[in-house]
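Chemist: structure for the following, please:
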Amino acid sequence: MTDGPLKSKLESCKEMTMRPSKFSIGHRGGACLQFPEHSRESTMAGARMGAGVLECDVTFTKDRQLVCRHSQCDLHTTTNIVSIPALNAKCTTPFSPAKNGKSASAFCCTSDITLAEYKSLCSKMDGFNATATTPDDYLAGTPGWRTNLYATCGKVVDLKEHIALVEALGLFHTPELKKPQVTMPFEGNYTHDMFAQQMIDAYKKAGVPPSRVISQTFELRSIRYWLKNEPEFAETAILLDETADEGTMDEAVDNLVSYAKEGVKTMAPPMHYLVEAKNGTMIPSAYAKKAKEMGLRLITWSLDRSPPLAVVHAKGDYYYTSVKDVVKKDGDLYEYVDVLARQVGVAGMFADWSATVTFYANCFRLQLM
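Modeler: Predicted coordinates for the structure are as follows:
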């Protein structure tokens, strides 16, 4: 880090006894920088690193059971499904080797298989080998700045198991209702509203109070459904936002007005929506200022999901889109966190390596548990 007040403050906290913090939110479990995402192992590691809130991205299987996957159709890159002939054959698009100038491919969804079949899979680090000629070769492809050291056979989990695990740890829940990648109603009569209700019902059946469940969705329709049918859960729900990716940032800022009027309480855009570079420093963006004006709470994503910052500075990266020119070394990551926390005023940060955010939160005494 560059010498200065922030570096001195963080150095003064090196010997602190760390406590879990609600400011530290475990993305895809909280340790997927080094552990397979949404595995039991990633969740346990995220909890050990002090994430006070643990995420399960929620989607459904062929028999309509809820499971933890970042995407309904990512099994071909996050599990070993293509190496199991009987299950690979059930994929929407089974594995096809690279040949004649075409890359290897596969497309496997949780909705292609039953819960029992899903539970037979191993979770692995997200990635694939586009030049693969065999299923086993296809499973390679972990980015060089991550590791396969802890990816021997991660245990996949369903939503009920995830709820029980987080309850046993005494932490908070943040399930994300994933946008279905199959036609809804699924197989004729399983509607989007049924899916949205089923996720909430899982927490109600487990006896988890709404105050400890931070539901997420990218779809405004789901927030509207919860506002009408589950207002206590809607009170803590998050509307994830990536509208500027397809439109403009001005449109994303303008949308905040209508979201607030509809009853949305918390917005969660990616980090670069909230910070911009000016005169070589990072400052709150127009989006951050408008959210504050509208009384919207902010949470952001996702730290430690990017390559080393020297690579980010040279080549760019999604999560640093607005500040790539002012981040040059890994220590600048904490400058980014500091602007988000103390100038933008975010209430929490998702991270792929929870220890980073937990350390900052403990040093500045943010939402300690």
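Chemist: thought Ala31 was touching Ala45?
Modeler: Yes - with contact defined as C-beta atoms under 8 Å, Ala31 counts as touching Ala45 (3.5 Å). For every residue, glycine as well, the C-beta is placed using N, CA and C.
Chemist: between the two, who's got more neighbours?
Modeler: Ala31 (29 against 23; other C-beta atoms under 10 Å).
Chemist: what strand or helix carries that one?
Modeler: Per DSSP states H and E: Ala31 is located in neither a helix nor a strand.
Chemist: could you pull out the helices for the stretch 201-350 of the chain?
Modeler: 220-229, 231-235, 243-246, 249-262, 271-274, 286-293, 309-315, 332-338 (DSSP state H, counting those that start in this stretch).
Chemist: same check, this time on the stretch 51-200 of the chain
Modeler: Going by DSSP H, counting those that start in this stretch, the stretch 51-200 of the chain shows helices at 75-78, 85-88, 115-118, 135-138, 159-169, 192-205.
Chemist: nearest to Leu227, out of those?
Modeler: helix 192-205 (11.3 Å; C-beta to C-beta).
Chemist: so which of the helices of the stretch 201-350 of the chain is nearest Phe107?
Modeler: helix 243-246 (22.0 Å).
Chemist: what comes into contact with the closest one?
Modeler: Glu251, Ala252, Asn255, Pro269, Tyr273, Tyr287 (C-beta atoms under 8 Å, 6 or more residues apart in numbering).
Chemist: now, of those, which are buried?
Modeler: For the contacts of helix 243-246, a burial check counting by 16 or more other C-beta atoms under 10 Å picks out Ala252, Asn255, Pro269, Tyr273, Tyr287.
Chemist: of those, just say which sits nearest to Lys62.
Modeler: Pro269 (33.2 Å).
Chemist: now the residue lying farthest from the centre of the chain: how far from Met369?
Modeler: Each residue of the chain has a distance to the centre, and by C-alpha atoms, centre = their mean the biggest one is for Asn100: 36.2 Å. Computed as C-beta to C-beta, to the nearest Å, the Asn100 to Met369 distance reads 56 Å.
Chemist: ditto for Val339
Modeler: 24 Å.
Chemist: so for the two, which residue has more residues nearby?
Modeler: Val339 (22 against 14).
Chemist: for the more buried one, give me its contacts.
Modeler: Contacts of Val339 by C-beta under 8 Å, 6+ apart are Val275, Met282, Ile283, Pro284.
Chemist: do you know the pLDDT at the second one?
Modeler: Confidence at Met282, expressed as pLDDT, is 98.
Chemist: tell me how many other residues crowd the residue nearest to Val323 when sequence neighbours are not counted.
Modeler: Take Val323 and drop its neighbours on the chain: the residue closest to it by C-beta to C-beta, 6 or more residues apart in numbering is Ala277, 4.9 Å away. Using other C-beta under 10 Å, Ala277 is surrounded by 16 other residues.
Chemist: can you pull the contacts of Ala277?
Modeler: Here Ala277 is in contact with Ile283, Ser322, Val323, Asp325, Val326 (C-beta under 8 Å, 6+ apart).
Chemist: what do you get if the cut-off is 6 Å, keeping everything else the same?
Modeler: Val323, Asp325, Val326 (C-beta atoms under 6 Å, 6 or more residues apart in numbering).
Chemist: ditto for Asp241
Modeler: Met267, Pro269.
Chemist: picking that back up, among the helices of the stretch 51-200 of the chain, which is nearest Phe23?
Modeler: helix 159-169 (16.8 Å).
Chemist: pull out the buried positions in the closest one.
Modeler: For helix 159-169, by 16+ other C-beta under 10 Å, it's Leu159, Glu161, His162, Ile163, Leu165, Val166, Leu169.
Chemist: burial count for the residue lying closest to Glu176 once chain neighbours are set aside?
Modeler: Nearest-residue entry for Glu176: Gln216, 3.9 Å, with adjacent residues in sequence omitted and distances by C-beta to C-beta, 6+ apart. As a burial measure, Gln216 scores 24 neighbours (other C-beta under 10 Å).
Chemist: ok, now Gly280?
Modeler: 7.
Chemist: residue contacts, it?
Modeler: Val326.
Chemist: among the helices of the stretch 51-200 of the chain, which comes closest to Leu296?
Modeler: helix 192-205 (21.6 Å).
Chemist: starting at the chain centroid, how far to the closest one?
Modeler: Counting by C-alpha atoms, centre = their mean, to the nearest Å, helix 192-205 is centred 20 Å from the centre of its parent chain.
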